[in-house]
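Q: fold the following and give me the result.
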Amino acid sequence: DDVKEPPTQTMVLTERQRSDLHAGIYEYLLSRGSDYAVAAEAFAAASGVATEDTKDDDKNNNNENGDDKKKTRRSTGGGGPILEKKWTAVPRLQRRVLELERQVATNARLHAHRTGGAADGDRSTNNNMMPGRERRMLPRPPAMHTLQSHSAVVTSVTLHPVYTMAASASEDGKIILWDHESGEYLRTLRGHTNVVTSVDFSPGQGKFLASSSTDLSIKIWDVKEFTCVRTLRGHDHTISCVKFVPPPIGALFLEKQQQKTNTNEATGGGIDPSEAGSKFIVTASRDATVKFWDLETGFCDHTISDHSDWVRCIAVRGAKSMIGGSKGKEQEEQASSSSLALVATSGNDRTIYVYDANDKRTKLCELRGHDHVVEALSFLCSSLLPQKGSAAPSKSSSAASTNSTWDYLASGSRDRTVRLWTVANGGSCLMTFRAHENWVRGVLVHPSGNHIISCGDDRSIRVYDIKSNRCMRTMEDAHPHFVTSLSMHPTLPIMVSGGVDHTVKCWQLD
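A: You can find the predicted model right below:
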């Protein structure tokens, strides 16, 4: 039988590239020493590669092929043959390509919300993700950025509602603004003369920042100008926490905010509610009182004295208007509780009080169950401005589910537990998580309503699944020391934490 020769493969190299390749192979064979000298000369004779002794006798020959065949041997310049350099460059470039691909994938996940990400509370799939995978928006290690500038314990962190800005408060008496996306330092706000205990951005456009301190003052800062525009005094002891009070449904200044284009027009140095997105702030103090302050006048508008000891923490929740559909009695009660803006407070007396944030600030319920000081409270992480929700009945009861998550309140305590409560129908404890090994210092309810995130003195950040009533993720050694505070943006995939190690860490959400 005739033996068929294998088909000749078509070369894709140009004449110039082929000539360079032959020169590189010849150079490599020569560099291997006398053992390869015979092979080098045979290869040169077969390929027409010019050797060291070859001289170009026809310098005026314009034939490109003739010129390529008469090239002199390339100098290695002490860096090795050109073939070896190119051979090692290939895997190096492959590694670089893989690194860039991983970076592109990471950036796509980080910025998915800007290109078709789901709305708040509905983290469905989008074009930047693998088909069929739901983005859970949960923190995962390692931290994207570790922000270092404070010289003492970081006591509080908060995120701007619009910009990629974070604010941190510290025992060094400073408030520092950061860009959490790039990890860059922005500005330091100085004015307090003692420990700054809490910071909070105003709802809506986040034009103002409120801060509280052990120097017995509350300060309101203009975020654009980085200046203090008002200082409030009235507490008799350490001020532990400050929050902007959510506005009620149909507040006139919210309509004014949509129409207004000029800067602050309030007279007498007051803060215009249409600029701040809120008319009041609420503070908690070691003097066992909770005070509501009018931002326009700067005076205390209301004082609550239900607590018997140090009030350490406050949580606020915006109102949700229920629209559409006929409702039964149970649905009407849920809609009634959801339509109110709420303020929850707690502290050393271990009791959580929930109040109507507006009108007469009536007490709605008392929640008891913790065995030690309550350090942190959190409603569902969302915008403080009034929300719209559907009260129409559904076969899947999705509306009822949404209402129930809107009424969630989480608490963290020195008894090492995290508790989930509902403030509807008089309030009750839904479940208790016992995963932390030390005091719980910070807690928040995930914007989806499916998870709770907490931090504590065991240096960990933990994620709980509400449906299965279990701790589903533990980030050990999130900080090298106690983790003091947490803040999560309701729509952007970012969470920040502060610690006793003087640092602020930014966590990407998967």
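Q: point out where the stretch 1-150 of the chain drops to low pLDDT.
A: 1-11, 51-82, 109-135 (pLDDT under 70).
Q: strands of that one, start to end?
A: Taking DSSP state E, counting those that start in this stretch, the strands of the stretch 1-150 of the chain run over residues 145-148.
Q: now for this structure, the helix or strand with the poorest mean pLDDT.
A: Least confident helix or strand of the chain, by mean pLDDT, DSSP states H and E, is helix 64-69 with a mean of 46.
Q: and the longest helix for the chain?
A: Scanning the chain for the longest helix, with DSSP state H as the assignment, gives helix 82-110.
Q: for that one, packing partners?
A: For helix 82-110, the contact count by 3 or more C-beta pairs under 8 Å, 6 or more residues apart in numbering; DSSP states H and E identifies helix 15-31, strand 503-508 as packing neighbours. Yep, even glycine has a C-beta here, placed from its N, CA and C like the rest.
Q: where are the low-confidence patches of the stretch 401-510 of the chain?
A: 401-403.
Q: any idea how far residue 180 is from the nearest residue to residue 508 once chain neighbours are set aside?
A: Once flanking residues are discounted, residue 508 sits nearest to residue 144: 5.0 Å by C-beta to C-beta, 6 or more residues apart in numbering. From residue 144 across to residue 180, the span is 8 Å (C-beta to C-beta, to the nearest Å).
Q: find the residues that touch each one of those two.
A: Taking C-beta atoms under 8 Å, 6 or more residues apart in numbering as the criterion, residue 144 and residue 180 both touch residue 506.
Q: of the two, which one has the most company?
A: Applying other C-beta atoms under 10 Å to residue 144 and residue 180 shows that residue 180 carries more neighbours, namely 26 against 17.
Q: distance check, residue 238 against residue 297.
A: Taking C-beta to C-beta, one finds residue 238 at 24 Å from residue 297.
Q: who has more neighbours, these two?
A: Ranked by neighbour count (other C-beta under 10 Å), residue 238 and residue 297 place residue 238 first, with 19 against 12.
Q: wait, that one touches residue 218, no?
A: No - Residue 238 is beyond contact range of residue 218, at 11.9 Å (criterion: C-beta atoms under 8 Å).
Q: what's the distance between the helix or strand that residue 346 is a member of and the middle of its chain?
A: Applying DSSP states H and E as the criterion places residue 346 in strand 342-347. When distances are taken as C-alpha atoms, centre = their mean, to the nearest Å, strand 342-347 is centred 25 Å away from the chain's centroid.
Q: packing partners for that strand?
A: So strand 342-347, by 3+ C-beta pairs under 8 Å, 6+ apart, packs with strand 280-285, strand 311-317, strand 352-356, strand 374-379.
Q: including distance to residue 498 and mean pLDDT, could those go into a markdown table?
A: A markdown table is the format used below for these (distance: least, C-beta to C-beta, whole Å; pLDDT from 0 to 100):
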| stretch | distance to residue 498 | mean pLDDT |
| --- | --- | --- |
| strand 280-285 | 19 | 96 |
| strand 311-317 | 15 | 95 |
| strand 352-356 | 23 | 95 |
| strand 374-379 | 12 | 96 |
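Q: distance to residue 167 and mean neighbour count for these - can I get that in TSV?
A: TSV is the format used below for the helices and strands packed on strand 342-347 (distance: least, C-beta to C-beta, whole Å; neighbours: other C-beta atoms under 10 Å):
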stretch	distance to residue 167	mean neighbour count
strand 280-285	15	26
strand 311-317	17	25
strand 352-356	26	23
strand 374-379	17	26
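Q: output these as a markdown table; include the columns distance to residue 207.
A: Below are the helices and strands packed on strand 342-347 laid out as a markdown table (distance: least, C-beta to C-beta, whole Å):
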| stretch | distance to residue 207 |
| --- | --- |
| strand 280-285 | 14 |
| strand 311-317 | 18 |
| strand 352-356 | 26 |
| strand 374-379 | 23 |
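Q: in stretch 270-278, what counts as buried?
A: Buried residues in stretch 270-278, counted by 16 or more other C-beta atoms under 10 Å: 270-278.
Q: with stretch 417-430 instead?
A: So, applying 16+ other C-beta under 10 Å, buried residues of stretch 417-430: 417-424, 427, 429.
Q: doesn't residue 357 make contact with residue 342?
A: Yes - look at residue 342 against residue 357 with C-beta under 8 Å: they come within range, at 5.7 Å.
Q: bridging residues for the residue most central in space within the chain?
A: Taking C-alpha atoms, centre = their mean as the criterion, residue 494 is the residue nearest the geometric centre of the chain, at 1.1 Å. Here residue 494 sits in beta bridges with residue 508, going by DSSP bridges.
Q: what's around residue 194, how many residues?
A: For residue 194, using other C-beta under 10 Å, the count is 13.
Q: mind listing what it touches?
A: 173, 213-215.
Q: go on, residue 435?
A: 418, 462, 464, 471, 474.
Q: try 7 Å
A: 462, 471 (C-beta atoms under 7 Å, 6 or more residues apart in numbering).
Q: from residue 347, how far off is the closest residue in space to residue 483 that isn't next to it in sequence?
A: Computed as C-beta to C-beta, 6+ apart, the closest residue to residue 483 that is not its neighbour in sequence is residue 455, at 3.8 Å. From residue 455 across to residue 347, the span is 18 Å (C-beta to C-beta).
Q: equivalent analysis for residue 318, please.
A: 23 Å.
Q: those two: who's more crowded?
A: Counted by other C-beta under 10 Å, residue 318 and residue 347 do not tie: residue 347 has more neighbours, with 27 against 24.
Q: identify the bridge partners of that one.
A: residue 311.
Q: what about the helices in this protein?
A: Using DSSP H, helices in the chain cover 15-31, 37-47, 64-69, 82-110, 252-259, 273-276, 329-338, 398-406.
Q: ok, and the closest non-adjacent residue to residue 43?
A: Using C-beta to C-beta, 6+ apart, the nearest residue to residue 43 is residue 26, at 5.8 Å.
Q: quick one: the one you found and residue 49 touch, right?
A: Yes - using C-beta atoms under 7 Å, residue 26 is in contact with residue 49, at 4.5 Å.
Q: isn't residue 181 right next to residue 163, touching?
A: No - Residue 181 is not in contact with residue 163 according to C-beta under 7 Å; the separation is 9.4 Å.
Q: quick check: closest non-adjacent residue to residue 148.
A: Closest to residue 148 by C-beta to C-beta, 6+ apart is residue 503, at 5.3 Å.
Q: the longest helix of the chain vs strand 503-508, what angle?
A: In terms of direction (axes from the mean of the first three to the mean of the last three C-alpha atoms, to 10 degrees), helix 82-110 departs from strand 503-508 by 90 degrees.
Q: so helix 82-110 versus helix 15-31, what angle?
A: 120 degrees.
Q: any idea how far residue 160 is from residue 209?
A: 9 Å.
Q: now do the shared contacts for those two.
A: residue 201.
Q: alright, I will stop here.
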